[in-house]
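In: show me the folded form of this:
(one chain, ligands or ions: 1)
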Amino acid sequence: MPIPIIVQGVQDGLSSIPHAYSVLKVAPWVLLLAALKYYFGGARNSSERVMHSKVVMVTGGTSGIGASVVHELASRGAQVILLTQHAPSDIFLVEYIEDLRKSTGNQLIYAEQVDLTSLHSIRTFATKWIDNVPPRRLDMLILCAGSSTPSSAPRRVTSDGLDEEWQMNYLSNFHLLSILSPALRVQPPHRDVRVIFTTCASYIGAKLDLTSIDTAPILSTESDPKPKATSKKSKSKKPTASTPKKSGGSLFASSKLSLMVFAHAFQQHLNAYKRPDGQPPCTRVLVVDPGFSRTPGTRRWLTGGSLWGLLFYMMTWPFWWLVLKSPQQGAQSILYAAMEARFGRGTGGWMIKECQEVDFARREITDEKVAKQLWEFSEKQVEVMEMEGAMRRALANKEKGNEEGQTAPTASGTKEQTPGSRRSRKTNK
Ligand SMILES: NC(=O)c1ccc[n+]([C@@H]2O[C@H](COP(=O)([O-])OP(=O)(O)OC[C@H]3O[C@@H](n4cnc5c(N)ncnc54)[C@H](OP(=O)(O)O)[C@@H]3O)[C@@H](O)[C@H]2O)c1
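Out: Numbers count the residues shown, from 1 in each chain. Below you'll find the predicted structure:
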């Protein structure tokens, strides 16, 4: 079809082809748009790896970039364990897994309930995992869950009383890996085990001052672990004794920088372990910046969580379509980190961006002193918050017990009978 038109254009001139001048005027713009779209789409992963029999644990695998990663790995035959905040009986989760199993032709996709905003939930899952005898196989841990609060929205507080961004993006990963560390170290030496953290370019401008960072009450007064005054403006999921002050947009960046410092320190911690079989460590840590993508999380951030924001987003959608990656494009660097063969060797601790290894842009990430400070600080924060959480749960159980105690037993000490029940009819005879 185009060849006869071109021939006609050459023989009879452009004016003989209807709309030829209009098409020629528009063509460069279409080409420019296509070139920009290709450029902003980022690098494509070209590495492949046999994923059959590999056990991959994923946080944040139910939406955005994480969901794309899960789809790709499951399509290649990996056994996927989704760590999600939803109960396994949740109808949306059940449907999501069924769809995933159908579309990937892989039945080995499961979910475990782990609410990353609850240290107790993480501990319950992780201790159950490491208590398994013999130790369970684990080939990969991909940490894609994240939270970013729009700067115009009130700060959200977790059930542990910490800022949601801090706990979700950093502390939950610290807590999960601290408990799962033995499960990683016990994997056989020939196994290529990878832990993949996701970060964001905002870490480059982040502040990491542990004495002033405003994530929770204990941070600003290390000697006094008691909660500070509650901010009335804060919107908490559950009312807690302590609510962090609004700290601007910087806490997200600080949590990502902290995550990277921890990722590097975690690799050193794994490398320092002397295996009983004398073999070198088999777990490598990788930090991936997926690039800005059109995910539910980004949309929430761009719209500021408001209807006006949503309207603005919809009106400017063509711009975001052009400059932001799709979730599938955002997943490419993570897939590269998961499948590139050379990351199965060496001492680990690499950073990946646009499907290539890059240097860390902040020297604190490799600074042992900063890592030690952060590690001790995080351990203390987890310890204090878990202790407070345990006390809250014990108190709630006691109150519940008291309420049941008041209603359940009858004066004779026997169980109260439900009117009309078989037992009550028998007694009344
Ligand atoms: N998108 C970007 O532009 C971009 C850029 C740079 C870096 N990153 C990083 O890439 C990662 C993925 O980003 P994304 O935009 O794809 O994320 P997203 O769309 O916001 O998805 C967040 C994921 O976290 C899960 N999650 C939320 N709260 C949870 C909780 N309490 N417990 C367990 N899971 C919870 C969500 O599960 P539900 O589905 O159940 O809510 C969801 O699967 C993040 O670490 C992010 O910081 C993203």
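
In: do a quick rundown of the strands in the chain.
Out: 55-59, 79-84, 109-113, 140-143, 156-157, 193-198, 235-236, 283-289, 350-353, 356-358 (DSSP state E).

In: tell me what the fourth one is packed against?
Out: Counting contacts by 3 or more C-beta pairs under 8 Å, 6 or more residues apart in numbering; DSSP states H and E, the secondary-structure elements packed against strand 140-143 are strand 55-59, helix 172-185, strand 193-198, helix 332-339. C-beta: built from backbone N, CA, C; applies to glycine.

In: any chance of those in CSV with mean neighbour count, distance to the ligand and mean pLDDT as columns?
Out: Converted to CSV, the helices and strands packed on strand 140-143 look like this (neighbours: other C-beta atoms under 10 Å; distance: least, C-beta to the nearest ligand atom, whole Å; pLDDT from 0 to 100):
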stretch, mean neighbour count, distance to the ligand, mean pLDDT
strand 55-59, 23, 6, 98
helix 172-185, 21, 7, 97
strand 193-198, 25, 4, 98
helix 332-339, 26, 8, 98
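
In: could you dump the ones you listed into CSV and include distance to residue 284?
Out: Listed next are the helices and strands packed on strand 140-143 as CSV, based on distance: least, C-beta to C-beta, whole Å:
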stretch, distance to residue 284
strand 55-59, 15
helix 172-185, 10
strand 193-198, 5
helix 332-339, 9
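
In: quick one: closest of the ones you listed to residue 265.
Out: helix 172-185 (9.7 Å; C-beta to C-beta).

In: put the alpha carbons of that closest one into PDB.
Out: Extracted in PDB, the C-alpha atoms of helix 172-185 (Å, rounded to 0.1, in the frame of the first residue of the first chain):
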ATOM      1  CA  SER A 172       9.100  -3.100  58.300                       C
ATOM      2  CA  ASN A 173      11.800  -4.300  55.900                       C
ATOM      3  CA  PHE A 174      14.400  -4.100  58.700                       C
ATOM      4  CA  HIS A 175      12.200  -6.100  61.000                       C
ATOM      5  CA  LEU A 176      11.300  -8.700  58.400                       C
ATOM      6  CA  LEU A 177      14.900  -9.300  57.400                       C
ATOM      7  CA  SER A 178      16.300  -9.300  60.900                       C
ATOM      8  CA  ILE A 179      14.000 -12.200  61.700                       C
ATOM      9  CA  LEU A 180      14.300 -14.000  58.300                       C
ATOM     10  CA  SER A 181      18.100 -13.600  58.300                       C
ATOM     11  CA  PRO A 182      18.700 -17.200  59.600                       C
ATOM     12  CA  ALA A 183      16.400 -18.600  56.900                       C
ATOM     13  CA  LEU A 184      18.600 -16.900  54.300                       C
ATOM     14  CA  ARG A 185      21.900 -18.000  55.800                       C
END
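
In: and the angle for it with strand 193-198?
Out: Counting by axes from the mean of the first three to the mean of the last three C-alpha atoms, to 10 degrees, helix 172-185 points 170 degrees away from the direction of strand 193-198.

In: ok, residues contacting helix 172-185?
Out: 59, 114, 116-117, 119, 122-123, 126-127, 129-130, 135-136, 138, 141, 143, 145, 193, 195, 197, 259, 262, 266, 269-270, 273, 275, 281, 283, 378-379, 382 (C-beta atoms under 8 Å, 6 or more residues apart in numbering).

In: can you list which of those are found in helices?
Out: Of these, the ones assigned to helices by DSSP state H are 119, 122-123, 126-127, 129-130, 259, 262, 266, 269-270, 378-379, 382.

In: which of these count as buried?
Out: The neighbour-count test (16 or more other C-beta atoms under 10 Å) applied to these identifies 119, 122-123, 126, 129-130, 259, 262, 266, 269-270, 378, 382 as buried.

In: nearest to residue 99, of those?
Out: Using C-beta to C-beta, these come closest to residue 99 at residue 129, 25.9 Å.

In: which residues are in contact with the closest one?
Out: 136, 180, 183.

In: measure the residue nearest to residue 256 when sequence neighbours are not counted to residue 289 for me?
Out: Among residues not flanking residue 256 along the chain, residue 203 sits closest, at 4.2 Å (C-beta to C-beta, 6 or more residues apart in numbering). Relative to residue 289, residue 203 is positioned 8 Å away (C-beta to C-beta, to the nearest Å).

In: give me the nearest residue to the spatially most central residue of the chain, chain neighbours excluded.
Out: The chain has residue 145 as the residue nearest its centroid, 1.2 Å off, counting by C-alpha atoms, centre = their mean. Excluding its sequence neighbours, the residue lying closest to residue 145 (C-beta to C-beta, 6+ apart) is residue 60, at 3.3 Å.

In: in the stretch 151-300 of the chain, what residue lies closest to the ligand?
Out: residue 297 (2.2 Å; C-beta to the nearest ligand atom).

In: that residue and residue 150 touch, don't they?
Out: No - using C-beta atoms under 8 Å, residue 297 and residue 150 do not qualify as a contacting pair, with a distance of 10.6 Å.

In: looking at these two, which has the bigger crowd around it?
Out: Using other C-beta atoms under 10 Å, the more surrounded residue of residue 297 and residue 150 is residue 297, with 18 against 15.

In: for the residue of the stretch 151-300 of the chain closest to the ligand, what are its contacts?
Out: Contacts of residue 297 (C-beta under 8 Å, 6+ apart): 63-64, 146-148.

In: who wins on neighbours among the residues you listed?
Out: For those, neighbours tallied by other C-beta under 10 Å; top is residue 146, 26 neighbours.

In: so it touches residue 60, yeah?
Out: Yes - counting by C-beta under 8 Å, residue 146 does reach residue 60; the two are 6.3 Å apart.

In: overlap of the contact sets of these two?
Out: Here residue 146 and residue 60 have residue 198 as joint contacts, going by C-beta under 8 Å, 6+ apart.

In: what's the spacing between residue 112 and residue 83?
Out: Residue 112 is 6 Å from residue 83, by C-beta to C-beta.

In: can you check residue 181 too?
Out: 16 Å.

In: which phi and psi does the residue nearest to residue 145 have?
Out: Torsion angles at residue 60 (phi, psi; degrees, to the nearest 10) stand at phi 70, psi 30.

In: can you report how many residues lie near it?
Out: 26.

In: likewise residue 9?
Out: Residues near residue 9, counting by other C-beta under 10 Å: 14.

In: with residue 252 instead?
Out: Residues near residue 252, counting by other C-beta under 10 Å: 26.

In: pretty sure it is touching residue 148, no?
Out: Yes - in this structure residue 252 lies within contact range of residue 148 using C-beta under 8 Å: 5.2 Å.
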